[in-house]
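Q: Here is my input, please return the structure:
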Amino acid sequence: MDIKTDEYTIYYEPESKTVFFQAMLRLNGIEQYQPVIDLLNKTAEQTSAFTLDLRQLQFLNSSGISMLSMFAIQMRQKPHVQLTLLGASKIPWQMRSLRNLQRLMPSLQLKFA
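A: Coordinates of the predicted model:
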């Protein structure tokens, strides 16, 4: 499963059970994030524990942050799924926004490199 455009790449690596996000996500509105939501939901259906690696995601607009927030709320309703987020401490938006996701899903494991 992967999504590849000129501006960003998102792909799932089954061996490591990790969804990788790369470059910049600046889609307009939550509707344009639907393919990303579909990829995340499909991943959650296939495994009980997986990781979202955001360390190479330089920018995520407010619609993208809303999309991740909605996904965290969905996962909170599935206690059998363990979600880990990997962020980059050198990217300011990640330090602030990813911590807020942990408030929405207390079982979320958040790691910064």
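Q: tell me what the longest helix seen in the chain is packed against?
A: Counting residues, the longest helix in the chain under DSSP state H turns out to be helix 62-76. Judged by 3 or more Cβ pairs under 8 Å, 6 or more residues apart in numbering; DSSP states H and E, helix 62-76 is in contact with helix 29-32, helix 34-46, helix 92-104. For glycine as for every other residue, the C-beta is placed from the backbone atoms N, C-alpha and C.
Q: Which among those is found nearest to Ile65?
A: Ile65 lies closest, by Cβ to Cβ, to one member of those: helix 92-104, at 5.3 Å.
Q: Just the CA trace of the closest one, in PDB.
A: Written as PDB, here are the backbone C-alpha positions of helix 92-104 (Å, rounded to 0.1, in the frame of the first residue of the first chain):
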ATOM      1  CA  PRO A  92       8.700  22.300  15.700                       C
ATOM      2  CA  TRP A  93       5.100  21.400  14.600                       C
ATOM      3  CA  GLN A  94       5.600  17.800  15.500                       C
ATOM      4  CA  MET A  95       6.600  18.500  19.100                       C
ATOM      5  CA  ARG A  96       3.500  20.500  19.700                       C
ATOM      6  CA  SER A  97       0.900  18.700  17.600                       C
ATOM      7  CA  LEU A  98       1.900  15.100  18.200                       C
ATOM      8  CA  ARG A  99       1.700  15.600  22.000                       C
ATOM      9  CA  ASN A 100      -1.900  16.800  21.500                       C
ATOM     10  CA  LEU A 101      -2.700  13.400  19.800                       C
ATOM     11  CA  GLN A 102      -1.500  11.700  22.900                       C
ATOM     12  CA  ARG A 103      -4.200  13.500  24.800                       C
ATOM     13  CA  LEU A 104      -6.800  12.200  22.400                       C
END
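Q: Next, the angle from whichever strand in the chain runs longest to helix 92-104.
A: Longest strand of the chain, by residue count under DSSP state E: strand 49-60. Between strand 49-60 and helix 92-104, the angle comes out at 140 degrees (axes from the mean of the first three to the mean of the last three Cα atoms, to 10 degrees).
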